[in-house]
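Engineer: no FASTA, just this:
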């Protein structure tokens, strides 16, 4: 017999390949194929050295892609042939830090099935241990301080492994080989229950005490994976109303955690894809239709027919929500913060900030390095539609079409995220929140510092929103001035369209029809835009059409008072303020007199082309909502009220580049006076907005032969409007693109800013 010649190979792999069981996978695969060599982590990815016959090397490379661990994401494999080294066996080497190199980091993921079985197995040494994990599950992003992703670089560094855990950690054949958060009751973090600063109980007794308090109607602060939750019985009106009162959250919906799918299905309608989303390793909050007859409190989501549902994603959640006779099957799990503040992540900070919100605290001693709120998603046409991208998804990078200089894009004022780019990666941050207070601004700044250190990125360019008053833009301008960086100002709605183009892999320099509908965006003319139809590529745009401007009596006050917008809309539509109309009767005589004077003289009455403000105004016109206490409330309640079977529309007109809505307003008022219900009026309004979009798109296609339509902006969170418009555009022969990786709201704005900056830079350089 002849022996096949031994060849050598060096393999370098980039992607999410650390902290996901990749080295033990490589180790087992190499031994199975009788290959010799080694594997090690570096700051740049994973390196592998191999000696073996050609057929075994080929089999190894094939299996590397096909059979990689579930949490691994291989972006690139480079292979170089070398002379064989004469290795005697296969080893796993110590990690190698490399200056200035980087790699993607795995997001936090839910408890895996293997760990769940062990958690509930009385014979297992980790039975009912709230921090059980392995290389296939558990915390990642929320505990990492630096790369390489090794235990000393995480918040687990202070927990010394016991002999049993250390043996698992060192064994390449074990599921917990180099699982950095690995621990057990003997050596790891533990939980305790506090009331009024005093420890009541620890470990299992603390868990039982927390369950008893929840059952009795208490509000509990629970330290979780990426921050604190405030929890209470979701079936109790009294408990939910108490939490609302304390949290200063008047009407905005609360998320609900259910113990299992059976519980979800007893309260909500579920499609097969929604079931997949709920049980996915990301475990997001999924917006579902509530079933009639559900015993959930109506106070969870006033004025809505949906529930934000999620399943337990940590072992602590599994134990806390464990089924028991007489124990409720649904719990509010809302962000642990006072309204508009960042979510609490530190024990002492939570004791101070949540003291008046919670009756008791379920705490633990595993530190959270990066706060990470729950992600929120919907299902659209059998695909993911993100509303908030955070835990479970961040900081997984998005693919950038071409390499560009490193860019920092700082996002906008609301639902802020930032984005850092390096090579062909765009690292979109976790959800930061609304930059309206010092605490959130601090979180924003700290997040940027962490990402720059984690991914070894030193920005050369900063992209920012053109609005001069945004705190994120002010941060950008200060840093540009102090560090001498290149500045790229990006118009708000162009960023929306560019971001959606990028995530759909559309060519940078081929124009599309971009429909950017939202509440607020700074326009080129200094007015507030938001009902924009653009012809745009990633570098440039032209405002092809827009909603006809309407007044905002009182400026920002009108955003919280749709009745003011409605009266302004009546004024511009030349309709008398009949006291029988809902928005007219809402205000008192003095308020109406002052508002009328403002409109006459143009005092503190900025104009806006915002589609979001039009929704607010119409919601008031038809009597649905005159005052709001959270963003989008009027539009959300009008969508819920709309008759799903109504197909009628109202007239509108395109006057030059302005979509005039006065004919529609006149028709709505006429039908209101005829006694037609708000459900029909709301549905016809939605249908009319869809008809406007299709009409303008057809006009642009006729002139410019464009067939790709991109929908972006917060208004497209309206499922009635989105589905109706997509269907109508597709029936008219357009190719429609929406978001599937980042939010359509301002949470995706920073990705669009980065896309615009990169496109302009590459255009200048000729690449």
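Structural biologist: Here it is on my side, so go on. Computed from a predicted model, the values in this text were never measured in an experiment.
Engineer: where does the prediction get shaky in the chain?
Structural biologist: Within the chain, the stretches falling below the threshold (pLDDT under 70) are 1-2, 765-767.
Engineer: give me the domain ranges for this protein.
Structural biologist: By the record's domain assignment, the chain is partitioned as 6-92, 191-364, 545-737 (automatic domain parsing).
Engineer: can I get those in TSV with distance to residue 112?
Structural biologist: Every residue, glycine included, has its C-beta placed from N, CA and C. Putting these into TSV (distance: least, C-beta to C-beta, whole Å) gives the following:
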stretch	distance to residue 112
domain 6-92	8
domain 191-364	8
domain 545-737	32
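Engineer: turn the ones you listed into JSON lines, including distance to residue 495 and mean neighbour count.
Structural biologist: Formatted as JSON lines, the entries for the domains of the chain read as follows, by distance: least, C-beta to C-beta, whole Å; neighbours: other C-beta atoms under 10 Å:
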{"stretch": "domain 6-92", "distance to residue 495": "25", "mean neighbour count": "18"}
{"stretch": "domain 191-364", "distance to residue 495": "24", "mean neighbour count": "19"}
{"stretch": "domain 545-737", "distance to residue 495": "9", "mean neighbour count": "19"}
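Engineer: which of those sits closest to residue 177?
Structural biologist: domain 6-92 (4.5 Å; C-beta to C-beta).
Engineer: of all the domains of the chain, which lies closest to residue 379?
Structural biologist: Between residue 379 and the domains of the chain, the tightest spacing by C-beta to C-beta is seen for domain 191-364, at 4.9 Å.
Engineer: now the end-to-end length of the closest one.
Structural biologist: Between the start and the finish of domain 191-364 there is a gap of 4 Å, counting by C-alpha to C-alpha, to the nearest Å.
Engineer: distance from that domain to the middle of the chain?
Structural biologist: Taking the mean C-alpha point of domain 191-364 and that of its whole chain, the gap between them comes to 19 Å (C-alpha atoms, centre = their mean, to the nearest Å).
Engineer: please apply the same query to stretch 109-120.
Structural biologist: Taking C-alpha atoms, centre = their mean, one finds stretch 109-120 lying 25 Å from the centre of the chain it belongs to.
Engineer: wouldn't residue 144 be in contact with residue 152 here?
Structural biologist: No. With contacts defined as C-beta atoms under 8 Å, residue 144 does not count as touching residue 152, sitting 11.0 Å away.
Engineer: which neighbours do these two share?
Structural biologist: Residues touching both residue 144 and residue 152 (C-beta atoms under 8 Å, 6 or more residues apart in numbering): there are none.
Engineer: picking that back up, out of the domains of the chain, the one nearest residue 135 is which?
Structural biologist: Checked against C-beta to C-beta, the stretch from the domains of the chain lying closest is domain 6-92, at 3.5 Å.
Engineer: right, and the domains of the chain - which one's nearest residue 538?
Structural biologist: For residue 538, the closest of these is domain 545-737, at 10.9 Å, according to C-beta to C-beta.
Engineer: picking up where we left off before, residue 144 and residue 152 - which one has more neighbours?
Structural biologist: Of the pair residue 144 and residue 152, residue 144 is the one with more neighbours under other C-beta atoms under 10 Å, namely 26 against 12.
Engineer: tell me what that one is bridged to.
Structural biologist: In this structure, residue 144 bridges to residue 154 when assessed by DSSP bridges.
Engineer: and it, how far is that from residue 176?
Structural biologist: Using C-beta to C-beta, to the nearest Å, residue 144 is found at 18 Å from residue 176.
Engineer: check residue 262 too.
Structural biologist: When C-beta to C-beta is applied, the distance between residue 262 and residue 176 equals 30 Å.
Engineer: now do residue 66
Structural biologist: Separation of residue 66 from residue 176 (C-beta to C-beta): 24 Å.
Engineer: cool, residue 585 as well?
Structural biologist: 67 Å.
Engineer: gap between residue 742 and residue 530?
Structural biologist: 19 Å.
Engineer: repeat for residue 205
Structural biologist: Taking C-beta to C-beta, one finds residue 205 at 54 Å from residue 530.
Engineer: before we move on, what about residue 292?
Structural biologist: Summarising the geometry, the distance separating residue 292 from residue 530, computed by C-beta to C-beta, is 35 Å.
Engineer: now do residue 668
Structural biologist: 20 Å.
Engineer: so where do the helices sit in the stretch 351-500 of the chain?
Structural biologist: Remark: helices assigned in the stretch 351-500 of the chain by DSSP state H, counting those that start in this stretch are 438-454, 471-483, 492-503.
Engineer: any idea which of the ones you listed is most buried?
Structural biologist: Burial among these, expressed as mean neighbours by mean count of other C-beta atoms under 10 Å, is greatest for helix 492-503, which shows a mean of 30.
Engineer: what about the lengthiest helix in the chain, distance to the chain center?
Structural biologist: Ordering each helix of the chain by length in residues (DSSP state H) puts helix 678-704 first. For helix 678-704, the gap between its own C-alpha mean and the chain's C-alpha mean amounts to 28 Å (C-alpha atoms, centre = their mean).
Engineer: by contact count, what packs against it?
Structural biologist: Taking 3 or more C-beta pairs under 8 Å, 6 or more residues apart in numbering; DSSP states H and E as the contact definition, the neighbouring helices and strands of helix 678-704 are strand 512-522, strand 528-536, strand 541-547, helix 611-621, helix 633-641, strand 653-655, helix 662-673, helix 719-731.
Engineer: okay if I get those as a markdown table plus distance to residue 133?
Structural biologist: Output for the helices and strands packed on helix 678-704, formatted as a markdown table (distance: least, C-beta to C-beta, whole Å):
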| stretch | distance to residue 133 |
| --- | --- |
| strand 512-522 | 40 |
| strand 528-536 | 44 |
| strand 541-547 | 46 |
| helix 611-621 | 42 |
| helix 633-641 | 37 |
| strand 653-655 | 58 |
| helix 662-673 | 56 |
| helix 719-731 | 36 |
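Engineer: for residue 441, which of these is the nearest?
Structural biologist: Sorting these by C-beta to C-beta, the top spot, which is the nearest, belongs to strand 512-522 at 18.9 Å.
Engineer: what inclination does the closest one have with respect to helix 678-704?
Structural biologist: 120 degrees (axes from the mean of the first three to the mean of the last three C-alpha atoms, to 10 degrees).
Engineer: need the strands for the stretch 251-400 of the chain, in chain order.
Structural biologist: For the stretch 251-400 of the chain, applying DSSP state E, counting those that start in this stretch gives strands covering 255-257, 285-289, 306-310, 331-335, 360-364, 376-380, 383-388, 398-399.
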